[in-house]
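Asker: Generate coordinates for the sequence data below:
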Amino acid sequence: MPRRSLDSALLALDLGTSSVRTALFDARAQPIPDSGASQTYRMRHTAEHGAELDPAVLLRATRKCLHQTCRLTTPRPRAVAGSSFWHSLLGLDRAGEPLTPVYTWADARGAQDAARLRAEVDEHEIQQRTGCMLRASFWPAKLRWLRRTQPKLFRRVRRWVSPAEWIFEKIWDVRECSHSMASGTGLYDCSRHDWDDELVDAVCLTRAHLGLLQDSVEREGARVFNRPAALRNHPEKLAILEFPQFITPTLVTRDGEALKAFHAEHRDIILKPLDGMGGTGIFRVGPDGLNLGSIVETLNGTAPHTRTVMAQRYLTDIVKGDKRVLVIGGKPVPHALARVPQGSEIRGNLAVGGKGVAQPLSARDREIAEHLGPILAARGLLLVGLDVIGDCLTEINVTSPTGFQEITAQSGFDVAAMFLDALEAALR
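Answerer: Numbering: from 1, shown residues only. Now for the predicted structure:
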C-alpha cells in the first residue's frame, strides 16, 4: 500500500495484558482507514499465583505494530497518545534494561506482604492519600515480596517502572512517568501529585528508584535551575553511590545487624540518617563499639518500623576539614571551603560551630569535581556542592550548596560572578 502524506497524523498505542494495538488518527480525531495493527501474546502463570509478561515479547510486539501502522504515512506522526494496563511493575538496571519480568496486576504472590503492610500502617489513611488499598495488585506489596524473596535481585534494580514507561523510553527516548500511570501504582499521593514518601520508605526505596514525574512548570516552557527532577533524582547522601571510585567504604541499610557487622569490619565508623542536614544525627562509633547498640536503635528504630541508615568508615582527615567543593555549570570553583571541627566535635558543619577556611583545590578535589561536574550539569544541576574529606567524596549537595560568601571573602575569587556567568550561558 502506498504511503500517504498526513501532516497532522496522531499515533495511538494501546498496551494490554494480552495484546498491543496501534492506529493513526487525523486532526479531527477520526481513524485513518487501514492504519490499525495488533499483536497478541500470552501472560505466563506460575503455581504460586504469579502472572508475568516477558518485557522482550512486549517490546517486540509493539515494534511490529508500529512498523505496520507507520509505514502508511509520511512524515512521522506529530504526536503519540498511549494507554496501558495499570498496577504492573518492571525492574531495570542502570542501563535501562530489564532485570525482571513484568509483574502484572494479576500477580498475587505479594498477598502475604500486603497483609504485613496493613499491620504496619493505617490502611484507611493510605487509601485516602493514594486511592489504593494495600493489596497484592499494587506496587507496595509486590516490592515487599520481591525484597523478601529475591533480595539480591531487588538490590540490583536501579529503577522500578511501569511497562508503558519502559516502552516509551525504548522507542521514543521519553523517560518520565505520567501522573495517571503513577496513580495506579499505590505509591502516589493524589492530593500532592507526587510520590508518597511514607510508602516509598516502607518499601525500602528512594524517589530516585521511581519514574520521573515531570514538573508542570517545565512542561509549560519555564527554565528551572536546578531542575526539580534532578533534585529528586540525586538524594544528597545517596547520590555518592553512583561514583564508588571516589568514596570510602559505605553501607546503606535498615538492617540493624548489618550495621553492627559493618562496624565489626571497619572498627571506626560514622552513622547518620539519610534525611539529616547541618550535621544533625551524626554519630561516631570507635573501635571499642561503645554504645553501638543504642545508637543503632536510635537511628534505625525497631521492627517493623525501621528506618534506613548510612554507615561510612571514619575518615581521620576530618581534622583538616570537611571540604565544600562548589561546581558551577559543570566546572569547579578553584577554591574549596574547608569546614574544620572545633574542640571535641567530629562535625565540621558551620551550623554546629565548624570554622570555615578557604583553600585552593587539591589535585584529588579537582579530579573528583572535574569527573562529576559535566555529568551532573548534563542532568540539569547548574549548582552543586561536593563534600570531600581527605580524598573521599562524602555527599553531593544539590538543594542548598553554601560557601559563596566565605570563599569570596577569603580568596578574592568572585563565586557569585562565576554563577551568574554560568546561568546566562545556560539560558542562551
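
Asker: what's the average pLDDT for stretch 406-422?
Answerer: Mean per-residue pLDDT for stretch 406-422: 94.

Asker: how long is that stretch end to end?
Answerer: By CA to CA, to the nearest Å, the extent of stretch 406-422 from end to end equals 20 Å.

Asker: And for stretch 126-136?
Answerer: Note: stretch 126-136 ends 15 Å apart using CA to CA.

Asker: Which residues belonging to it are considered buried?
Answerer: For stretch 126-136, the neighbour count (16 or more other CB atoms under 10 Å) marks 126, 130, 132, 134-136 as buried. Where C-beta positions appear, they are placed from N, C-alpha and C, glycine not excepted.

Asker: Using a markdown table, please lay out these together with distance to A106, pLDDT and secondary structure.
Answerer: Converted to a markdown table, those look like this (distance: CB to CB, whole Å; pLDDT from 0 to 100; DSSP: H, G, I helix; E, B strand; the rest coil):
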| residue | distance to A106 | pLDDT | secondary structure |
| --- | --- | --- | --- |
| I126 | 22 | 93 | helix |
| T130 | 20 | 92 | helix |
| C132 | 16 | 92 | coil |
| L134 | 17 | 95 | coil |
| R135 | 12 | 94 | coil |
| A136 | 9 | 95 | coil |
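
Asker: Could you look up the SS state of the residue nearest the centre of the chain?
Answerer: The centroid of the chain falls nearest to A208 when counting by CA atoms, centre = their mean (0.8 Å). A208 falls in the helix class when you classify it by DSSP: H, G, I helix; E, B strand; the rest coil.

Asker: Tell me which residues touch it, please.
Answerer: Each residue near A208 by CB atoms under 8 Å, 6 or more residues apart in numbering is listed here: 232-235, 238-239.

Asker: From those, which land in helices?
Answerer: Using DSSP state H, 232-233 are the members of the contacts of A208 that sit in helices.

Asker: Can you tell me which of the contacts of A208 is closest to K64?
Answerer: Closest approach to K64 among these (CB to CB): N233, at 33.0 Å.

Asker: Quick check: chain neighbours aside, which residue is closest to that closest one?
Answerer: Ranked by CB to CB, 6 or more residues apart in numbering and with sequence neighbours excluded, the top spatial neighbour of N233 is A208, at 5.0 Å.

Asker: Could you check the pLDDT of the one you found?
Answerer: As predicted, A208 sits at a pLDDT of 87.

Asker: For A9, see how far away it is.
Answerer: Counting by CB to CB, to the nearest Å, the gap from A208 to A9 is 37 Å.

Asker: Quick check: the gap between R347 and L274.
Answerer: R347 sits 17 Å away from L274 when distances are taken as CB to CB.

Asker: What of Q410?
Answerer: Taking CB to CB, one finds Q410 at 32 Å from L274.

Asker: you'd agree V252 is in a strand?
Answerer: Yes. Applying three-state DSSP, one finds V252 inside a strand.

Asker: Run a quick neighbour tally on it.
Answerer: V252 has 16 neighbouring residues, counting by other CB atoms under 10 Å.

Asker: Now it: closest residue in space, sequence neighbours ignored.
Answerer: Leaving aside its sequence neighbours, V252 sits nearest to M310 (CB to CB, 6+ apart; 5.2 Å).

Asker: beta partners of that neighbour?
Answerer: Counting by DSSP bridges, M310 is bridged to V252, K272.

Asker: what's it in contact with, if anything?
Answerer: By CB under 8 Å, 6+ apart, the contact set of M310 is 237-238, 250-252, 271-274.

Asker: now do L386
Answerer: By CB under 8 Å, 6+ apart, the contact set of L386 is 324-327, 368-369, 372, 393, 395-397.

Asker: same thing but at 6 Å, please
Answerer: V325 (CB atoms under 6 Å, 6 or more residues apart in numbering).

Asker: secondary structure class for it?
Answerer: Here L386 is strand, with the state taken from three-state DSSP.

Asker: if we can go back for a sec, in JSON lines, list the buried residues of stretch 126-136 along with distance to A108.
Answerer: Formatted as JSON lines, the buried residues of stretch 126-136 follow (distance: CB to CB, whole Å):
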{"residue": "I126", "distance to A108": "19"}
{"residue": "T130", "distance to A108": "20"}
{"residue": "C132", "distance to A108": "16"}
{"residue": "L134", "distance to A108": "14"}
{"residue": "R135", "distance to A108": "9"}
{"residue": "A136", "distance to A108": "5"}
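
Asker: now the helices for the stretch 251-400 of the chain?
Answerer: Assigned helices in the stretch 251-400 of the chain, in chain order: 256-266, 292-300, 363-378 (criterion: DSSP state H, counting those that start in this stretch).

Asker: Figure out which of these is closest to G50.
Answerer: Among the helices of the stretch 251-400 of the chain, helix 256-266 sits nearest to G50 (CB to CB), with 28.9 Å.
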